[in-house]
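**Student:** Need a 3D model of the sequence below.
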Amino acid sequence: MAEVICVIDDKHVPLYRIMWVSDLPHFCGNEDCMCEGRYEVRLEMDESVWASREERDEVLTALEAWAGGGPEPEEGWN
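**Tutor:** Model (predicted):
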């Protein structure tokens, strides 16, 4: 059975709260932006968390496994 929790930027996020995952890293050009180069993981209620490339890939793998469309995530990935 797939895990229903993933870790993104030190936060334990239930997979069912994830609405979509960015395919490209964030770039807005603002000098004070803290999210440049990170991937947005949009949650319900217009919330977002920001993932590294590795975290984003782990989230996508977990979502596919949870939905029954991919391999189970490796033990201890979260």
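**Student:** C-alpha only now, for contacts and for neighbours.
**Tutor:** Will do.
**Student:** What residues are bridge-paired with Cys6?
**Tutor:** With beta bridges defined as DSSP bridges, Cys6 has these partners: Val13.
**Student:** Could I get the contacting residues of it?
**Tutor:** Taking Cα atoms under 8 Å, 6 or more residues apart in numbering, we find Cys6 in contact with 12-15, 59, 62, 78.
**Student:** Select from the residues you listed the one having the most neighbours.
**Tutor:** Ala62 (26 neighbours; other Cα atoms under 10 Å).
**Student:** For the host helix or strand of that residue, buried residues please.
**Tutor:** Per DSSP states H and E: Ala62 is located in helix 53-66. For helix 53-66, burial by neighbour count (16 or more other Cα atoms under 10 Å) applies to 55-56, 58-66.
**Student:** Out of those residues, which comes closest to Phe27?
**Tutor:** Arg56 (16.1 Å; Cα to Cα).
**Student:** quick one: Phe27 from Asp9, how far?
**Tutor:** Phe27 is 18 Å from Asp9, where distance means Cα to Cα, to the nearest Å.
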